[in-house]
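>>> 3D, please:
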Amino acid sequence: MVSEAESTKDTIQVVTESAAEHVGKIATILTTAVQDIAREVGDWVSDLIEMREASQRAKEDADPPH
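Numbering: from 1, shown residues only. Prediction:
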């Protein structure tokens, strides 16, 4: 028969292992989300820069030479 102390130790061990596993999975989810957000923001800023540059070129093409 297992003593109460041994049973308590086993329970704490299982709970700790479970917590570590879940925290690890949550950290992976958050890390992936941050990466995805950074990528999307970067792509969006690139689009904005390209649109600004295209607008500037269009203005320059429309202006007659001096």
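>>> quick one: the strands in the protein, in order.
Ranges of strands within the chain: none, based on DSSP state E.
>>> most centrally placed residue in the chain?
What sits nearest the mean C-alpha location of the chain, by Cα atoms, centre = their mean, is residue 34, with 1.3 Å.
>>> now do the contacts for that residue.
Residues counted as contacts of residue 34 (Cβ atoms under 8 Å, 6 or more residues apart in numbering): none. Every C-beta, even on glycine, is put in place using the N, C-alpha and C of the backbone.
>>> distance check, it against residue 56.
The gap separating residue 34 from residue 56 is 33 Å, by Cβ to Cβ, to the nearest Å.
>>> what do you get for residue 22?
Where residue 56 is concerned, residue 22 sits at a distance of 51 Å (Cβ to Cβ).
>>> do residue 32 as well
36 Å.
>>> what do you get for residue 6?
Separation of residue 6 from residue 56 (Cβ to Cβ): 75 Å.
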